[in-house]
Each structure stands twice: as structure tokens, then as C-alpha cells.
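> Below is the sequence, then the predicted model.
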Amino acid sequence: MTQVLDKPVELGAPPVTPAERTARRKALLEWIAVHALGVAAALFFVLPFVFVVLTSLMSDNQTLTRDLIPHTWEWGNYAKVFDTPGFLTWWKNTLLYAGGGTVLTVVSSIPVAYALAKFRFRGRNLSLMLVISMMMLPPQVIIIPMYLFWAKQLDLSGTLWPLIIPMAFGDAFSIFLLRQFLMTIPNEYIDAAKVDGCGDFKTLLKVVLPMAKPGIAAVALFQFFYAWNDYFGPQIYASENPGAWTLSYGLESFKGAHHTDWNLTMAATVLVMAPVILVFFFAQKAFVEGVTLTGVKG
Amino acid sequence: MPKMPRKAVLAAASIALLTTACTGQSDTGATDDPNASTTITFWHGWSAPAEVKAIQANIDRFEKAHPNIKVKVVGNINDDKLNQALRAGGSSGPDVVSSFTTSNVGKFCSSGAFADLKPFIEKSKLDLDKIIPKPMLEYTQFEGKRCAMPLLGDAYGLYYNKDAFKKAGIKAPPKTWSEFAEVAKKLTKSKGDSYEQLGFMPNYHGYETVVDHYMSQWNHTYFDKDGKSSIAEDPAFAEMFTYQKKLVDSLGGFQKLEKYRNTFGDEWGAKHPFQTGQVAMQLDGEWRLGMARDAGVKFDIGTAPMPVADDEADEYGKGFLSGTVMGIAPQSKKQNAAWELVKYMTTDTDAVVAFANAIHNVPSTFDALKSPGLKVDAGFKTFVDIALNPKSNTPPASINGSTYQTTLQDFGYQYESGKAKDLKAGLKKTADQIDRDIEQAK
Amino acid sequence: MSTLTLRAKRRKQALRTAAFMSPWLIGFSVFFAYPLISTVYFSFMKYDGFGVPEFRGLENWNYVFNDYPMFWPALRNTLWLVLVMVTLRVAFGLGIGLLITKIKTGTGVFRTLFYLPYLAPPVAATLAFVFLLNPGTGPVNSVLGDLGLPTPGWFTDAAWSKPALTMLALWGVGDLMVIFMAALLDVPKEQYEAAELDGASAWHRFRFVTLPNISPIVMFAVVTGVIQTMQYYTQPLVAGKVASGIIGGSGQQFEPGYPDKSTLTLPQLVYNLGFQRFDYGSACVVALVLFALSMVFTAFLMRRRGGLIQAGD
């Protein structure tokens, strides 16, 4: 993204006229003010991370005191967290839920999004409105009958299947996002493919999908993080079986379940935050594009 | 669109069908052969490392005596998870269940969440009145239906830091509530806007200083004979709330105490505030002795019954009783095997004594209480006596479990913080709420 | 073209559409429409998970609206959160977005730092904040105390718990920052230049050039913020649970809305009624209230973004 300069400031040429001098001074003051604010804001955003990390390295005795810098640097706390029974299981479960779920969602949402973007049919607008309604629905609205369905009918409580299986039938948010993206693909490509004799499915596969990679990446990322961060779902379906806990539910129960103090809890928190941030660094472009897709287009 | 109405009718019809189908009862399965090889799952609520070890030791003893039954143990199960699993039925649920919340037995028995134990008891020819003390028999049944057996009991009493007492010149633990308030004040040393040492943490959010633990030290009744809440009529409740508020105010005020409370370590970890010396007196169950010793506490620990109301001084010696209850999940297909485990853990004297010794709980059978194998030192004896005291009590069971206690506790929070100012009106409102909730649950 | 081939073509197209839409059609009926109707059905029933549901008419509705002590506090909290948290979040997001467009040195670094907190998983972020805002030993109160400033109880004080949650929400404002940043950069530069030539001050430029251009985005941020508030569940629940210190181990049920119902939200009531009290009927009543409120705001959003649906041939 290009940077917007309010006024071009020419460096090098010494200011000559009083007007130029005032302009130069004004620009400098503005630079200082803006960057001071920026630093203050950056502190607000970064300090919590810093404190969490510092606390994670404290000894047991120090966590409940007011000292902010660790007296001794207990790197061993991280090993202790890994050794906590269940921690690795939570990782495994979360990866399964988020990874597997994302694949299912993307595969099942693509055809639907394509249909909503490029086909004309009676009921298309209605379908789109319903998709949007589904997007806005809090999961708690339908949890009671869904829970009874999964637990009593299908005997799947204590597992993550009630969360993963529905992802094979499209996800409203993914469908919507993908649809917005697919609409930006010019119809000429699709018409050209038709002229070449491709059926709809082949057109989608061979022509449209390669062009839709950024959109798909964005959708996959969003879905992955939705599942990774999901607390309510695992709380309802997996809480009775610690072998099915995910990172979000396990982390919340960590302090109580293991009677630990804040230092270990913060170490666990760091271990849950870090992967997400790492993935972000590798996938920045897709992230930002995805967010702008939701807000700015249309 | 013309399609919609037809769809709706179809949907409604299938809903009716599906929902009745998915809410049907699972069949009771007491048809398994108790001598066949099988694995049963046992859920319990203990989570402190020593307790988990003790349970496992108990299980190992059982498996030795019953080599054909293997037990899978799952700990740290609280009532929410337990209730959910029992309702879901299904194969991933437990066979043997236990809970710390004795007042939920009303809900467990009346809703069928725990299986009816009568056929098993009769088959095993157990005469429960001769085996188990009466208060414990009381809290494991509801309106004549027995769905649970007591698995060790808990008696609550007063722990005090003998060294701190000596320093403050206090000779003996307080026996009445006014003595208690004086002693607590003497033991409190402020430091700035916090404390160097607090005599007692009276706030209802404090560990174990909940409303019903306080109430047990007054003569009280929660429900009248019609089953309606009597907390507004029975003066004991007003007395207790007034006393607690006075105590809170005299020890530094609600805000200051809350702030201090937030510096406490975990209740079940090594940094419990009594163990660290942050508070000099603690209301707690008999387990605290063992935990404090395991944490390597340096000072001398004294135990005594909690004080009683000034005008009921002759009742001194009583305390709050509860315990763990153990039962069988109705959806279990291995109920006979499950019963073997329940019977072993709740009535086999050696098992009960060994378990009681390991987690420092009060045994739940007469034989165990009198057993020479039971480790009773001076500190623990206090609690054994409290358990045997005929005036010791526990809140009555109700059809919606412990909801009425939660509601009363809620009012306590309002009153101690000064948010609710009119005690009488507040109690009446709370009583009405309790009645209404019970109506809703019927 | 003969009518025969036209009809055949139509049918082929209909089949094609059905095939492509099928995953969602199944998903919609099984995981949305059916449970929604079921929820309505259960709201009139007495059911606790054992036995069979019994019809009890409007009793559950009466209980929830008149006798359930958590209902109205939750609604009031939702109102507070909509008025305060959403407004502050949008304003702060816009402010940070503006700031970032003016930062010329190290823009990338600043942008990343501002955005990072948004990525923190909600449970982790909430735990971090509960720890940071621990009234007795947390760093924030330590610093405030050393500076001689008042040290509020944050998550343990009913008057400060929602402000604390708002701080947590502001910390994670990265998503709004990105949208506003994009919108701000899209404002035509000529308009700014024209305004300056006319002698407009910075504030006037903001009010008469910037705001009108970005107002659709502001609207979008507000409405989605409100819809997210309807779903606000994890952060208040985790904050209350952890701050109250009542967690699993001792068999005690956690107290929703600690402290003193100040962090209760409607979704939490569904959990309390359905999975703590096992009154499935009343839980469904609250679920329907939640549904109605969400749909009202969704309808509002859709009307404003009607172009959304029309766009695309």
C-alpha cells in the first residue's frame, strides 16, 4: 500500500522563504507528534505480550508478587508445560479440527460460491440472503437441538466430530467471502472456456480456481483460525473427555486443572499464541486481502 | 415460492419424529456377568496430585481382588461435565460416577441420572443402617430413593496457626462467633492498603467460606414442611448474614479484603493462603491437614470445630458435613461390574480405611471409623469427632440440586459488598426466587 | 430453438445448479433450518435430558422473562456493550487507521505491531488480560499504585469488569485498523488538495472530505460490531471464570457473569440454562431471543448493503 504524504517535503534544498521554513517546521512537528503517538500506541499493543512472556519465565514464588522482571529466568517452565498431561493431545486435536475442518470447508464451499457468483437461477438472491443470515447466527441459537442430535442420536459427545462433520457441507462465511472474490473474475475467461467445450465443473477446476488462489487462501486462513480459536464448540462437545480437548478449552482449564500458578499458565498462553503469530508472518498477504475483502468490496 | 409450505410441513413432521426418537430412554443394563472380564470407567472429581495417587492405589487394590475387572480412571470431573455425560448417555460415558456435591443427589435420584441402587444392595445383602452413619445415609438418598453410596466424608472445621496465636497472646481457639470476631481482629495486621497477616478471610468468594458452610454453625432450616424456602422466616439466616457483614467491615472492609484475596495462590496448590501464613485462621475440610504437611508448612497447625452462635453455645462441636457420593450411570452396560467397584470402595473396611488415610478424609462406615488401622492424630481427631457429632449437618437435597444454594450465595455476594442494603427484603426476594426455581424444575 | 431443447436445456441447468449448491443445501437444512425449528419446539417443552419432553406452553417463556434472575442483566450488559464497546472500538480503530496512514517511517513495523494482538486466540488474550489486570499483583495495578493512581478491581469489580473487557477488545482492534486503512487510502487525493486550496483546517478536511468518503465502511464496522456483540461469549465467560478463581477442580459449578452478573451475555445464558441447570426448554427461549436480536441487525445490514446481492450479473 502506498503511503500518503500530506505535503511533499523536499529534503536537501535549504528552506529559503519564510513560508517554506514554516512549512518545514510544521512538517517536522507533525512527524514528531505522529510518531510519538505511534510509539505510545505500539506500547499499548505490545506491552501485554511482553508482560506475558516475562511472567512465563518467573519462578513460582515470584508470580504473585509485584516484581515485573523475573529474578531468575526459568526457561524450564516451558518444558513443564509440554510435560503437562494432555498438552500435546490438545495440540493434536486442535490441528485435526482446524486443519481437517479447513480442507472440508474449502472443498465444499467452492462449488456453492461459484454457483452463487456465476450462475443465474431462480432463488439465487434468496439463497444469498440465507447464507448471510447463517453467517450472522450465533452458534448458541441452535446448540440445544444440535447437541441432543449429536449426543443422543449419534452418540458422538466427547468427540470433536460434531464440529468437524458440518464443515463438509459448506460454511456460510467462507461461501460468502469466496463468492465476493469469484465475482471479480471477469466472465470472459469463463465464456472462453465454454466455447472451448468445457463443462461447468471443468471450467471451475481448470480456469477459475487457479485464478482464485488468493481468495481461497484467505478463506482457508479465516476458517483455520476460526476453528483454532473456537472455545464454545469444544466446551459443549468435548469437555467431558479430556482426550478430545483442544488448545482453547485446555488452556482455559489449565490453571484449575493443574493447580498451577500464573507463571506456567502464561507459558502455556505463549505456546498457544505463538503459532498463530508465526503463521501470520508467513501468510500476511492473504490475511490482509481477506480482511479487506470483507469490508471494502461491494 | 410454492415449494416452501410443503417443506415446512415435512420439516415439522420429521422434527416431531426425530425429537421423540432422540430423547427416548436408554435401556437399563444390569444384565452383565460380574465375573466376566470387562473394563469399566470410573469418573471422579479429585485433582490434587496426592489425591489422584490415592485413588489409583485404591483402584489397584480393587483390581487385585477382582482380577477380571479393569478400571479406567478419569479425574477432575466436575458436576457440569458429569451431568452432561449422564444425559448424553452413549458409549463414551462412565460406568461408575462420583460427585462432591451432595445436594445434587436430589437431582440425581429424582431424574434417574444415577441408577437406583436398591436391587444391588438387596442382592449383596447389605444392611446399610448398621454399616453407615445416619447423616451420610441421609445425603445419599432423596425421598426414599437411594441412588448413591457415601465414599468417605468431609467434615469442616477451624484451622489456626498456633504460632500466630502465641504471638498474639491467644490461648485457645474461639468457641462462639463473638469470640471469633475478636480473635480475628487481634490476628490482623494491616500494611498500607493491604495486610501483613489477615486473621480470617470472611468473604463469600474466599476458599470454603461459602454461605452454607457458615450456616451450619447456626440452628437453621432451609425449607419448611411444604418444601418452600424458609430463609426469610428463620431468623438464623438474617443473623448469619449480619454477622458476616460486621466481620467483613471490622477486618478492613469488603474492597480491601477482595484485593487481598486476589493475591492468594491456588486452593489446591502449595501456596494456599493459610499455608503461606497470609491468613491465620481458615475454615476448611479435614483434607487441609495432609495438604499442609505435604507442602512442608513450618508452623504448628491447630484444629478445632468452628464456633457457634453465642446463644447456642452448647452446640459447640458440630460442623458442616458433606462427602463424596458414588453411584452407577444408568446407561452403563456393565452395572453389575460397576456395583462391585462401588461396593468395594464404599463398604470394604480395609479399602475405606486405606483411602481415608491416603487423602486424609473422614471414613464413611462405622467399622472404618472405629478401625485401629485408621491413622488418627490429634489434628485429625477433631474432624472424626465432628463427623460423629449428632448436630453436624448438611444442606437438604432438592429437586434442582444445589441451585437454591447458588441463589442464596448470590445474595450473600450482594449483601457483603454493600450492594444490597435491605437484608429482610433481600432474603424475602431470594426465598421467592428459590421457590420459583424449584417450581420451574418440577 | 424448439421448445423441447429449451426445456431440456433448462432442466440441465437446474440440475447443474443443484449439484453445485448441494453441499450448502444439505448443510442449510440439517445444520440450520432443522435445529432452528427444533429450538422453537423445545422452547414450549419441559425437558432435562432424561425421560421425554413434556408440553408446558408458555411456562418457560414466563420463567425466562419474569423469574430468571440472569436474563435482564444480560440484556442490559448487551446494551452497554453495544453502546460503549462497539463505539469505542470503531472510533479507536478509525483513529489507529488514521495514525498509521500518517506514519512515514517504519510503517510496516508499526502496522504489524498494531495488528498482532488481533491474532491472539481469544482464550489466550483473555487469560493474559486477567493476569495483567489482577488487582493485587498484576503489572497494571503495580504501576498505577506506584504512580499514586487509583487501582480498580478490574475483572473482580462489577463496575470495572466491562471496561476491562472493552480494553481487551480495543487491544484487538487490528482488523478494524486494516479496513479503515484501506478505506482512508482510497479517498481521492484531489478532494484533499481542493479542500486545502480552500483553506480548510485539518479538522475540516476530516469532517468534510474523509468522513463522507469512508462512511460506508464506518457503517459496516458498526453493524458487524453489533452483530459480534450479540455473539460475545468466550471472553466474558473465561474472564469471569478465571477471575473468580472457581475452576473445575473442587467440583464447584462456576458462577456465570462474575462479578455480580456484570459480565453476563445472552449466549452465556443459553449455556447456563442448558448445560448447568439442564432446563433445555428455557435455554431455547433465550436462544430464540438471541436469534431475534441478531436477525434484526442482520436485516439492517442487508438493507444497507443491498448492492451486495444485486451486484454480479
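Here it is on my side, so go on.

> Touching, residue B:328 and residue B:339? I think so.
Yes. Checked against C-beta atoms under 8 Å, the pair residue B:328 and residue B:339 is within contact range at 6.4 Å. For the C-beta atoms, the positions are set from N, CA and C on the backbone; glycine is no exception.

> What residues does the stretch 101-250 of chain A have near chain B?
Proximity of the stretch 101-250 of chain A to chain B (C-beta under 8 Å from any C-beta of the partner chain) is limited to residues A:123, A:126, A:145, A:148-149, A:151-153, A:155-159, A:239-242.

> Do a quick rundown of the strands in the stretch 51-200 of chain C.
Along the stretch 51-200 of chain C, the stretches classed as strands by DSSP state E, counting those that start in this stretch are C:54-55.

> buried set for stretch A:219-231?
Across stretch A:219-231, burial judged by 16 or more other C-beta atoms under 10 Å in any protein chain shown covers A:219-231.

> Can you narrow these down to the ones near chain C?
Okay, of the buried residues of stretch A:219-231 touching chain C (C-beta under 8 Å from any C-beta), that's A:225, A:228-229, A:231.

> Farthest pair within these?
A:225 and A:231 (12.8 Å; C-beta to C-beta).

> List the residues that contact the residue sitting nearest the centre point of chain A.
Taking C-alpha atoms, centre = their mean as the criterion, residue A:225 is the residue nearest the geometric centre of chain A, at 3.7 Å. If a contact means C-beta atoms under 8 Å, 6 or more residues apart in numbering or on different chains, then residue A:225 has A:98, A:276, C:119 as its contacts.

> Tell me how far it lies from residue B:35.
53 Å (C-beta to C-beta, to the nearest Å).

> Now residue B:145. Its backbone dihedrals?
phi -100, psi 130 (degrees, to the nearest 10).

> Number of residues surrounding it?
17 (other C-beta atoms under 10 Å in any protein chain shown).

> same thing with residue A:205?
Neighbours around residue A:205, by other C-beta under 10 Å: 13.

> Which residues of chain B lie near chain A?
B:1, B:18-19, B:21-23, B:47-48, B:74, B:76-77, B:80-82, B:84-85, B:87-93, B:263-269, B:271.

> coming back round to it: closest to chain B among the contacts of residue A:225?
If you rank the contacts of residue A:225 by distance to chain B using C-beta to the nearest C-beta, residue A:98 comes first, at 22.3 Å.

> and that closest one, that's in a helix?
Yes. Residue A:98: assigned to a helix according to DSSP: H, G, I helix; E, B strand; the rest coil.

> Could you check the pLDDT of it?
For residue A:98, the model assigns a pLDDT of 94.

> low-scoring pLDDT stretches of chain A, where are they?
A:1-15, A:64, A:66, A:256-260, A:285-298 (pLDDT under 70).

> Scan it for its longest helix.
Assignment by DSSP state H gives helix A:18-56 as the longest helix of chain A.

> buried sites along that helix?
Buried residues in helix A:18-56 (16+ other C-beta under 10 Å): A:24, A:27, A:30, A:34-35, A:37-38, A:41-42, A:44-45, A:48-49, A:51-56.

> can you check stretch C:131-148 too?
C:131-142.

> residues near residue 129, how many?
With no chain named, the answer covers chain A. Counted by other C-beta under 10 Å, the residues lying close to residue A:129 total 15.

> To clarify, I was referring to chain C.
27.

> residues of stretch C:99-113 that come out buried?
Under 16+ other C-beta under 10 Å, the buried positions of stretch C:99-113 are C:99-104, C:107, C:110-113.

> Check stretch B:363-373 too.
So, applying 16+ other C-beta under 10 Å, buried residues of stretch B:363-373: B:363-365, B:367-369, B:371.

> tell me the secondary structure for the nearest residue to residue B:228 once chain neighbours are set aside?
Of all residues not flanking residue B:228 in the chain, residue B:435 sits nearest, at 5.4 Å (C-beta to C-beta, 6 or more residues apart in numbering or on different chains). Put simply, residue B:435 is helix when judged by three-state DSSP.

> Now do residue B:435 against residue B:105, distance only.
In terms of C-beta to C-beta, residue B:435 sits 20 Å off from residue B:105.

> Compare these two and say which one has the larger neighbour count.
Neighbour count, other C-beta under 10 Å: between residue B:435 and residue B:105, residue B:105 has more, with 27 against 17.

> sorry, back to before: make a markdown table from the buried residues of stretch C:131-148 and add pLDDT to it.
As requested, the buried residues of stretch C:131-148 are exported to a markdown table (pLDDT from 0 to 100):
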| residue | pLDDT |
| --- | --- |
| C:131 | 87 |
| C:132 | 89 |
| C:133 | 91 |
| C:134 | 86 |
| C:135 | 82 |
| C:136 | 76 |
| C:137 | 78 |
| C:138 | 83 |
| C:139 | 85 |
| C:140 | 89 |
| C:141 | 87 |
| C:142 | 85 |
